[in-house]
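# Give me the fold of what follows.
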Amino acid sequence: MRLAVYGLWNGRSWTIKRSLDMRVDVLWWVRNREKLGRSGKMVFPSDAIAFSHALEIGETFAEQAGMGNWSLDEWHAWVIELLGEASVGAGKKRKAEVPGRVDLSFGAGAASLGDSISNQNGFAGWIWNLHEAAPDDVHRLLAEPAGAGRMDAALHTAGGMAELDGQAVLLNQLLQGRSLLASEVDALLEEMAPWLAGAWFSAAQLASLQGRLALDAGVAADARPGERGPLRLGRQGLPRCRRCGSEATGRTACAACGRADCAYCEACLALGRSRACSLLLRTAAGGHPAVRAAAGQSTAAVRGRWGLSAAQGDAACAALGFLAEPPRRGSAERSGRKWWPLAVHAGHIQPVGKPFAPSRFLLWAVTGAGKTEMIFPLLSSILEQGGRVLVATPRRDVVLELAPRLAKAFSDTRIVTLYGGSTERWQAGELTLATTHQLMRFYQAFDLVVIDELDAFPYHNDPMLAFAAQNACKPDGKFVYLSATPPRPLQREAVRGTLQHAKVPVRFHGHPLPVPKRISVKSIEQCLRQPLLLKRLTEVLRQSLERDAQVFLFVSRIRHIDPLVRILCRTFDGYRIEGTSSEDPLRAAKVVSFREREIRLLVTTTILERGVTVPRSDVFIADADSGLFDEASLVQMAGRAGRSSEDPAGRVIFASPQWTISQKRAVQQIVGMNRIARKNGYLKEL
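This next block holds a predicted model:
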């Protein structure tokens, strides 16, 4: 892909512009010449150049003294010099040795900068005062064939511009609230507007000039203002992916742009390759502020409408109060947007400096508290005001489980379900349910973003997904985090009062959480070598089997599962015992058999620490002192016990040679929630 680069003088300063279709820019500035004043001037020093080079020139431009008096040859030489610096890469600069003939290594072949900016039709460039007659080259440009990807019409006619205006409006509507690579735009248009697919560059350029669409590279250098050069050295100088915010550490020879070291992002590769030479299009959703929930909803009314318990109702009403608050002014740095160079105001893409940052609320609900039911009133409060809502969850299976529940609760709402392979990926809805990776395709689209299982893989400790979530929300929108085990930093914010939150310290059945007990057992590694060391563990396992419980036995290593299953099968003759892990193709079938009580003891890993509810369960965690089991994992695994009202006092055993800080914190968290539940009168004591 190639872009045109031109200079624009408004009587006070120069700016460098880039264009997918120079015809559109010429006609736009003729139409809007008064905005530039009587001395408004356009300088077009070269024909279209390589996409990544054009972006580098635009983003690292620093105005030089005397530019207003430069001749066309001087402008041409300036472009050559900049391209010469870009050709070296890795932050090393050199001047063009001979103007127009600086060598570039383009994979198997070779080209020159002179060739890269010269037109096959003998292009010479122009300097044009927009209040004077247009040079012949301008007329030639408008009369030339459109070229690939562009609107094939005589744009300088009234009918041509009217048609282009309509296409720009349609494209903007279809892309509202999205962040898409050019290949994804093509896929969207093939489905939603096939007559525009493959020929939308002209419409995109017009929408960009109107300030409604941002055109950028998928990967671009994190350059400081006024600093030239392609990619600066050092961590701060690494290019970043503008879709996911990650450092783009990958380099490859690229057939698309011809560069031997085209930067690309490895972090979001599953959604398509974001490269230094790939076009990224972003536009915010509409020009209206984020909607707020109606204030003054009573707890009794909320509980009655949605069938919530007292604890659920209190937490939901606290969150509704948060959603009714006006947006808070705040720093983009604090809100996690420090890598994103654009903001939105009145429907237009603007430079950095947005006045608001999304506000956050934490719903800290114990495992089995019924988080899904609690978010229904929150979703409804925004949808009823005409807003758009996103519910993001880490796993596809949770998306598929939630979809029918949301469809039943919001039968009159257009719901879009997004995950890898979804057939609805280009549809728009009032309520979007998506896996967290799908968030990277949105930009300032939602009034409310609900992040389910904030602490879970892959969201936990992944700044890329945090970045994507922030960018999916409107700047003045709201975040609600759902978690049974929020990360320690969020816990500290909640304790300090800097993060609004509500705790749901009791399960739906109203009984206290089972508190883990510790037994001292040698490591599983030692026990597998000397099975007699398992005696203490097998004694307590037998108690659970004899009380007719379903037994989860969590281990820290996949390699421990099979040998441990063999030992336990010999020890507990007559009980079906199986093992499963992320590597087991029969995992889903074994979980079903375990839930149906065909399997009585299941040896597994943290792959089943959440999302699996089995009535009358006891939980045993071997090697509970393992570094692989943090506080959150231990609480989640313990949360498999006591889920049913028929057996709310399931057993939880931490088996390990050491008593670690993670185990202590997990017990403290569970005991603390029981204390809060008892204090607030939520508990039904056994």
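# so where's the stretch 401-550 of the chain uncertain?
Segments of the stretch 401-550 of the chain classed as low confidence (criterion: pLDDT under 70) are 455-462.
# let's go with 90 and repeat that
Judged by pLDDT under 90, the stretch 401-550 of the chain has its weakly predicted residues at 401, 420-422, 436-437, 452-471, 475-476, 486-490, 497.
# Against E401, how distant is the nearest residue to R243 once chain neighbours are set aside?
Spatially, and ignoring its direct neighbours in sequence, R243 is nearest to S274 (5.0 Å; CB to CB, 6 or more residues apart in numbering). Any C-beta I mention is one placed from the backbone N, CA and C, and that applies to glycine too. Distance, S274 to E401, by CB to CB, to the nearest Å: 31 Å.
# So these two - more neighbours on which side?
It is S274, of S274 and E401, that has more neighbours when counted by other CB atoms under 10 Å, with 26 against 13.
# Test my guess that that one contacts P239.
No - because the distance of 10.4 Å does not satisfy CB atoms under 8 Å, S274 is recorded as not touching P239.
# Overlap in contacts, these two.
Residues touching both S274 and P239 by CB atoms under 8 Å, 6 or more residues apart in numbering: V219, A248.
# Based on its surroundings, how many neighbours for L568?
Using other CB under 10 Å, L568 has 22 neighbouring residues.
# Do a quick rundown of the helices in the stretch 251-400 of the chain.
299-306, 310-324, 371-383, 396-409 (DSSP state H, counting those that start in this stretch).
# So what's the predicted local confidence for D618?
Reading off the per-residue confidence, D618 sits at a pLDDT of 97.
# Out of the helices of the stretch 251-400 of the chain, which is closest to A428?
In this view, the helices of the stretch 251-400 of the chain are compared for proximity to A428 by CB to CB, and helix 371-383 is the closest at 14.1 Å.
# and the angle for the closest one with helix 310-324?
Taking axes from the mean of the first three to the mean of the last three CA atoms, to 10 degrees, one finds that helix 371-383 is oriented at 30 degrees with respect to helix 310-324.
# can you list the residues that contact helix 371-383?
Applying CB under 8 Å, 6+ apart, the external contacts of helix 371-383 come out as 291, 293-294, 297, 302, 305-308, 312, 315-316, 319-320, 323-324, 363, 365, 388-389, 391, 402, 405-406, 409-410, 413, 430-431, 447-448, 450, 452, 480, 482, 484, 504.
# swap the cut-off to 7 Å and go again
When contacts are taken as CB atoms under 7 Å, 6 or more residues apart in numbering, the neighbours of helix 371-383 outside the stretch itself are 291, 293-294, 302, 306, 308, 312, 315-316, 319-320, 323, 363, 365, 389, 402, 405, 409-410, 413, 430-431, 447-448, 450, 480, 482, 504.
# Buried ones only from the residues you listed, please, as a PyMOL command.
Entered in PyMOL, the line below selects the buried ones among the contacts of helix 371-383, by 16 or more other CB atoms under 10 Å:
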select buried, resi 291+293+302+306+308+312+315+316+319+320+323+363+365+389+402+409+410+413+430+431+447+448+450+480+482+504
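# Next, find the distance separating G258 from L82.
When CB to CB is the yardstick, G258 and L82 sit 17 Å from each other.
# residue closest to the middle of this structure?
A468 (2.2 Å; CA atoms, centre = their mean).
# surely that residue meets L439?
Yes - with the criterion set as CB atoms under 7 Å, A468 and L439 qualify as a contacting pair; they are 4.0 Å apart.
# can you give me the strands for the stretch 1-150 of the chain?
Assigned by DSSP state E, counting those that start in this stretch, the stretch 1-150 of the chain shows strands spanning 2-9, 14-19, 41-44, 49-50, 103-106, 109-112, 126-129.
# Which strands or helices does the fourth one pack on?
Strand 49-50 sits against strand 2-9, helix 113-117, with contacts defined as 3 or more CB pairs under 7 Å, 6 or more residues apart in numbering; DSSP states H and E.
# ok, now the first one?
Helices and strands in packing contact with strand 2-9 are listed as strand 14-19, strand 41-44, strand 49-50, helix 51-59; criterion 3+ CB pairs under 7 Å, 6+ apart.
# In JSON lines, list the ones you listed along with mean neighbour count.
Conversion of the helices and strands packed on strand 2-9 to JSON lines gives the following (neighbours: other CB atoms under 10 Å):
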{"stretch": "strand 14-19", "mean neighbour count": "18"}
{"stretch": "strand 41-44", "mean neighbour count": "22"}
{"stretch": "strand 49-50", "mean neighbour count": "24"}
{"stretch": "helix 51-59", "mean neighbour count": "23"}
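# looking at the ones you listed, which is closest to E247?
helix 51-59 (17.0 Å).
# buried stuff in stretch 519-533?
For stretch 519-533, a neighbour-count test (16+ other CB under 10 Å) marks V521, K522, S523, I524, C527, L528, P531 as buried.
# Filter the residues you listed down to just the ones in helices.
Judged by DSSP state H, helices contain the following of the buried residues of stretch 519-533: I524, C527, L528.
# closest to D25 among the residues you listed?
The nearest member of these to D25, counting by CB to CB, is I524 at 67.8 Å.
# My guess is C241 contacts G218. True?
Yes - in terms of CB under 7 Å, C241 counts as a neighbour of G218; the distance is 6.5 Å.
# Next, show the common contact partners of these two.
Taking CB under 7 Å, 6+ apart as the criterion, C241 and G218 both touch S274.
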